[in-house]
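Novice: pasting a predicted model and its sequence here:
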Amino acid sequence: MAIRVYLDEVLRSRGMTAKELCAKVGITEANLSILRSGKAKGVRFGTINRICYYLDCDVGDILKFDGNLEAEDEKEE
C-alpha cells in the first residue's frame with residue numbers, strides 16, 4: 001500500500017487506547033481496526049479531522065506516503 005498508517009504509534013505515544021479513541025471520534029472499533037491495519041479503501045475527512053483533534057496530531061503523523069504508486073490494476077496481478 002502506498003499510504004502507510006501510523007495510528008498505533010500515535011495512540012501509544014498519547015497513552016490512549018483504540019477503544020477510547022473510538023468513543024471520542026464516534027466510530028466503531030471494527031472500522032478503526034480496518035484503518036489501523038492499513039486495509040481501509042477510504043476514510044472520510046471528517047473522521048480524520050476528529051482523530052487528529054483527539055490525538056492532538058497532524059494528518060502526516062498518522063498517514064504517510066511511501067513514494068510508490070499503487071494502481072488498482074497492479075494489485076490484481
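Specialist: Looks like it arrived, so ask away.
Novice: center of this structure, which residue is that?
Specialist: Leu35 (4.6 Å; C-alpha atoms, centre = their mean).
Novice: give the helix, strand or coil label for it.
Specialist: At Leu35, secondary structure determined by DSSP: H, G, I helix; E, B strand; the rest coil is helix.
Novice: go on, Gly42?
Specialist: coil.
Novice: quick revisit: now the residue nearest to the centre of the chain. Nearest residue, chain neighbours left out?
Specialist: Val43 (6.0 Å; C-beta to C-beta, 6 or more residues apart in numbering). Where C-beta positions appear, they are placed from N, C-alpha and C, glycine not excepted.
Novice: just Asp58 next, same as before
Specialist: Cys52 (6.4 Å).
Novice: my guess is that neighbour contacts Leu63, does it?
Specialist: No - using C-beta atoms under 8 Å, Cys52 is not in contact with Leu63, being 9.9 Å away.
Novice: how about the helices of this structure, start to end?
Specialist: Under the criterion DSSP state H, helices of the chain are mapped to 7-14, 18-25, 29-37, 45-55, 59-62, 72-76.
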